[in-house]
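*Asks:* Sequence plus the predicted model coming up.
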Amino acid sequence: MEVIKIKGTEDTPNVILDAESNIIEFSGRSLPEDVVTFYAPVLQWIEEYAKSPNPKTEVIFRLEYFNTASSKILLDILLKFEDILNEGNEVVVQWYFQEDDEDMQEAGEEYSEIVDIPFEMHSY
Amino acid sequence: MENVDYMKLVYEFHNEMLANKFTLVYEGEITHQITKAFTSLAENKMDSYSEDASMKKKVFHVMVECLQNLSKHAEDYENPDGKGFSGNGIFIVGRLGNDNQDYHVLTGNAVENAKVPELKALLEKINQLDKDGLKELFKKQMREGSLSDKGGAGLGLIDIARKTGEKLEYNFVEIDDKTSFFLLRTIISRK
């Protein structure tokens, strides 16, 4: 399956989508000019991945900052992984936040309340 | 002589800005590039006097959401005669003159009168809710809302209220029978 690696900038995140190495990771900042366009290939990739997912999928979020438009898309991403979980696969979200970043911690907790995927919270 | 008057006005404006601690004033088209420039300017400025990290984050966040609101919603109004505020807005960031050195962010943009009641209702609702209420509203909007074609999620104002823990101050000034000018002021307090 196609590997997507997007290098982060000051307003877009680092994205790694690599089914073979089993790495799915979002890190950095997300406040793109156009969230829909930026995340369209990501959502498309996950839809492809859902057709034959790895037995265990770990989704890593190590975001420093995201705006509210991105927060909506992140939920869409998580809902796609929830579908994969509901198909009988194992899915875990690894949510990283900076030690004193309560907002990022809370954001992770809120997502974990909305979707059925188990979240593991890590401060760094 | 007109020139001298103009220069004097600039000087007065400069003094006015210092007196009111406006650190940034902008009037014009708000684009993504402008948003990026302003937020990094504010970050550098706050770094220069070693602003507290959580304060920095809050100011950054409010600026981003306010500027993106302007860039998304100020476009909604097309003035048929080409005048007015189409796509434009005013944006001010300043520090309050109190000992706590709180910040405030002000935005102003034209909105169609037809959209005012809905916007007012949202603002009133936000201001009535406490921390938990805002959290629930945010989650509800995130689940049930959809992104507009401009990429707005309808979450910005809710999130500003959540992150700052302050009521949103706002005012609508009617320009004519079609348009009003919407002013929004957010305080970012040190607490």
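*Replies:* Ah, there it is. Small disclaimer: the values here were computed from a predicted structure and weren't measured.

*Asks:* which stretches of the chain have low pLDDT?
*Replies:* I'll assume chain A. Within chain A, not a single segment meets pLDDT under 70.

*Asks:* not what I meant, chain B
*Replies:* Low-confidence segments of chain B, defined by pLDDT under 70: B:1-2, B:20-22, B:74-87, B:97-100, B:149-153.

*Asks:* Around chain A, pick out the residues from it.
*Replies:* Selection of chain B residues close to chain A by CB under 8 Å from any CB of the partner chain yields B:32, B:36, B:40, B:53-54, B:57, B:60-61, B:64-65, B:68, B:135, B:138-139, B:142-143, B:145, B:147, B:151-153, B:155-156, B:158-159, B:163. The way it works is simple: take the backbone N, C-alpha and C, and place the C-beta from them, glycine included.

*Asks:* Can you turn the buried part of these into a ChimeraX selection?
*Replies:* The ChimeraX command for the buried members of the residues of chain B next to chain A (criterion: 16 or more other CB atoms under 10 Å in any protein chain shown) is given here:
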select /B:36,57,60,61,64,65,68,135,138,139,142,147,151,152,153,155,156,158,159,163
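
*Asks:* taking the residues of chain B next to chain A one by one, which sit in helices?
*Replies:* Counting by DSSP state H, the residues of chain B next to chain A place B:32, B:36, B:40, B:53-54, B:57, B:60-61, B:64-65, B:68, B:135, B:138-139, B:142-143, B:156, B:158-159, B:163 in helices.

*Asks:* where do the strands sit along the chain?
*Replies:* By default, I'm working from chain A. Remark: strands assigned in chain A by DSSP state E are A:4-6, A:14-18, A:23-30, A:56-66, A:90-97, A:119-123.

*Asks:* Sorry, I should have been clearer: chain B.
*Replies:* Ranges of strands within chain B are B:22-29, B:88-95, B:103-112, B:169-174, B:179-188, based on DSSP E.

*Asks:* which ones are touching the closest residue to B:Arg185 other than its chain neighbours?
*Replies:* Distances taken as CB to CB, 6 or more residues apart in numbering or on different chains place B:Glu169 nearest to B:Arg185, at 4.2 Å, with adjacent residues excluded. Shown here is B:Glu169, whose contacts under the criterion CB atoms under 8 Å, 6 or more residues apart in numbering or on different chains are B:184-187.

*Asks:* Packing partners of the longest helix belonging to chain A?
*Replies:* Looking across chain A with DSSP H, the single longest helix is helix A:68-86. With contacts defined as 3 or more CB pairs under 8 Å, 6 or more residues apart in numbering or on different chains; DSSP states H and E, the secondary structure elements packing on helix A:68-86 are strand A:23-30, helix A:35-49, strand A:56-66, strand A:90-97, helix A:102-114, helix B:131-144, helix B:156-164.

*Asks:* Next, the angle from it to strand A:23-30.
*Replies:* If you take axes from the mean of the first three to the mean of the last three CA atoms, to 10 degrees, helix A:68-86 sits at 170 degrees to strand A:23-30.

*Asks:* Please determine how far the closest residue to B:Gly156 other than its chain neighbours is located from B:Asp176.
*Replies:* Using CB to CB, 6+ apart and skipping residues adjacent in sequence, the residue nearest B:Gly156 is B:Glu65, 4.2 Å away. Relative to B:Asp176, B:Glu65 is positioned 28 Å away (criterion: CB to CB, to the nearest Å).

*Asks:* Please apply the same query to A:Val91.
*Replies:* In terms of CB to CB, A:Val91 sits 54 Å off from B:Asp176.

*Asks:* between those two, who's got more neighbours?
*Replies:* A direct count of neighbours by other CB atoms under 10 Å in any protein chain shown for A:Val91 and B:Asp176 places A:Val91 higher, at 23 against 9.

*Asks:* got the contact list for the more buried one?
*Replies:* Here A:Val91 is in contact with A:56-59, A:81-82, A:84-85, A:117-118 (criterion: CB under 8 Å, 6+ apart).
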